[in-house]
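Chemist: fold the following for me, if possible:
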Amino acid sequence: MRQATCKIKANPRADEAIHCAIEAAILHGRLPPGLRLREHRLAAIFGVSRERIRKVLHRLAAERRLEIVPNRGARVPCPSEAEVRAIYEAHRVLEAGVLAQLSRLASPVLLDRLDTHLVEERAAAQRGDRAASIRLSGDFHRHLVDALGNAELSRMLRDLLGRSSVMVTVYEPAHHSPCAVDEHGTIVAALRAGDLAGALHASRHHFLHVEERLRLIPPAQEATVDLEAALLTR
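Modeler: Predicted coordinates:
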């Protein structure tokens, strides 16, 4: 039996470990779009009850990592092209407002924090750590909105990122482009210069570039996926 990242077999009652394993499999691209996650199969793999699995799946759905389809259960999101465009349009509009505020309010402390974050992003891209790159890319946008101290805006962005990060995971080519880091750097440079127009242009270009990299593929056929291997390997 393969050893799970979260040592699930050693502690079959650990909901957090099960959550960790499923989320990691999604964010590493091991679970393709549209794949159904059947409770009885997951219960057998993790050695727990279906009720415990159901609880974890609903938590992942609330975090936008999975979606629950009525009468069919949980599956890896498989958004249409229209849904993908809508999510990124919403994110572009939200971030434009955030940047408009930050162009007046950005402090040296925030800009230095963003510079440090860019170093982490670039390091993850250079070592080929796809999951870390996706997570850190989302964190960059969280840093921007959180700097405003508006809990509602932060909540809205987290919801969008929960959905878009999965889109990137399942639809972007396996090699994570370092362009995203450069584009983030351009946004920071514009903020540091007090150049709102430049920041808005860089942000819009960044989101359009992300969309262009996505490659929509048909939903996965269950028979072609080794679910146990996907969930229990590092």
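Chemist: every contact and neighbour count from this point should use C-alpha atoms.
Modeler: Noted.
Chemist: helix or strand with the lowest mean pLDDT in this structure?
Modeler: Ranked by mean pLDDT, DSSP states H and E, the weakest helix or strand in the chain is helix 151-171, scoring a mean of 86.
Chemist: helices and strands around it, which ones?
Modeler: Applying 3 or more CA pairs under 8 Å, 6 or more residues apart in numbering; DSSP states H and E, one finds that helix 151-171 makes contact with helix 15-27, helix 81-105, helix 130-146.
Chemist: mean neighbour count, distance to R122 and mean pLDDT added to these, as TSV?
Modeler: TSV is the format used below for those (neighbours: other CA atoms under 10 Å; distance: least, CA to CA, whole Å; pLDDT from 0 to 100):
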stretch	mean neighbour count	distance to R122	mean pLDDT
helix 15-27	20	18	89
helix 81-105	16	22	92
helix 130-146	19	8	91
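Chemist: L227 is nearest to which of the ones you listed?
Modeler: For L227, the closest of the helices and strands packed on helix 151-171 is helix 15-27, at 9.5 Å, according to CA to CA.
Chemist: how's the protein carved up into domains?
Modeler: For the chain, the structural domains run 15-78+219-232, 81-213, going by automatic domain parsing.
Chemist: and the helix or strand where A197 lies, what other elements does it pack with?
Modeler: In the assignment (DSSP states H and E), A197 maps to helix 196-213. Applying 3+ CA pairs under 8 Å, 6+ apart, one finds that helix 196-213 makes contact with helix 81-105, helix 179-192.
Chemist: ok, 6 Å please
Modeler: Applying 3 or more CA pairs under 6 Å, 6 or more residues apart in numbering; DSSP states H and E, one finds that helix 196-213 contacts helix 179-192.
Chemist: which parts of the helix it packs on are buried?
Modeler: Buried residues in helix 179-192, counted by 16 or more other CA atoms under 10 Å: A180, V181, E183, H184, G185, T186, I187, V188, A189, A190, L191, R192.
Chemist: I appreciate the help and will end here.
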